[in-house]
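*Asks:* Predicted model and sequence follow; I will ask about them next.
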Amino acid sequence: MLFRLAVGMLLLSSAIASMAEDRLTFITEEYPPFNYATENGVAGFAVSLLTDMMAEAGYEFDPSAVRLLPWARAYETALHVPNTLLFSTTRTTARESLFQWVGPIAPDRVVLLAHRDAPVSLSSIEDITRQGLKVAAIREDIGAQRLLELGIDEEQILYAFSNQSAASMLSAQRVDLWAYGEEVAYWLMEQHGMDPEQVAPVWVLSESALYFAVQKDTDPAIVERLQAALDRVQAKRQAHDHAR
């Protein structure tokens, strides 16, 4: 009897895993080194973590199924389409109730970057308004959202189509500031032939962590299963790093 029950539970668990994998849609953007496009598909630290997490949870997962979209479109999709998993997403108080969360993936510091040849000094966030500064940002990105939350007039925000175009705007001094993740900003500039020494952070907008954001109407059991799998993966990675 116990054997049949155990087999039954195992089959049920496998069925749930298969069903969940079939239902989930995976969406990301260009946010290197966490997630970005290569000639062989989407890669990066978060993609590697997602792959290990899905395997640990018992799901069959193909990284080529991950869709790479502009952030604003990806974010809106994850808000409204059930069974969508979006990454890498900064978890904030304002976003907390909008998604279910699996993570953390990694720490993330979002800053205002200024060009060294046109130094900007901020004693408070209100100086952006007082000085009439223009800020490059990505629509629905945490940088843009934080600026609006802090009361910056949207007319002072120049929305770039991509993070690369935002970097170019600051590099060419077409804007005074760029609101973005600090680590990613420097990585992008170096990868696209811009000198990262040209820019420097002048204000910290947020210090939080990156997560996998799951559309809020998705079955919570799936989210719980993914979180448990991620916890095990991260524990194994930490043990491996300590053993080296």
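*Replies:* Sure thing, it's come through. Numbering: from 1, shown residues only.
*Asks:* Scan the chain for its longest helix.
*Replies:* Of all the segments of type helix in the chain, defined by DSSP state H, the longest one is helix 220-243.
*Asks:* Return the set of buried residues in that helix.
*Replies:* 222-223, 225-227, 229-230, 233-234 (16 or more other C-beta atoms under 10 Å). Every residue, glycine included, has its C-beta placed from N, CA and C.
*Asks:* and if you look at stretch 145-154?
*Replies:* Under the neighbour-count criterion of 16+ other C-beta under 10 Å, stretch 145-154 has 145-147, 152 buried.
*Asks:* same thing with stretch 38-45?
*Replies:* 42-45.
*Asks:* Verify the contact between Phe61 and Thr51 for me.
*Replies:* Yes - distance between Phe61 and Thr51: 6.2 Å, which falls inside the contact criterion (C-beta atoms under 8 Å).
*Asks:* Which residues are in contact with the residue nearest to the spatial centre of the chain?
*Replies:* Central residue of the chain (C-alpha atoms, centre = their mean): Ser88, 2.1 Å from the mean position. By C-beta atoms under 8 Å, 6 or more residues apart in numbering, the residues touching Ser88 are 28, 31, 34-35, 46, 105-106, 108, 210-212.
*Asks:* So for it, what's the nearest residue that isn't a sequence neighbour?
*Replies:* Once its chain neighbours are removed from consideration, Ser88 has its nearest residue in Leu210; the separation is 4.0 Å (C-beta to C-beta, 6 or more residues apart in numbering).
*Asks:* Model confidence for that neighbour, exactly?
*Replies:* At Leu210, the pLDDT value in this model is 98.
*Asks:* on that earlier part again, hmm, which two among the buried residues of stretch 38-45 are most spread apart?
*Replies:* For the buried residues of stretch 38-45, the farthest-apart pair by C-beta to C-beta is Val42 and Phe45; their separation is 11.7 Å.
*Asks:* Can you name the secondary structure element that comes next after the worst-scoring helix or strand of the chain on mean pLDDT?
*Replies:* Across the helices and strands of the chain, the lowest-confidence element by mean pLDDT, DSSP states H and E is helix 2-23, at a mean of 43. Next in sequence after helix 2-23, counting helices and strands by DSSP states H and E, comes strand 25-28.
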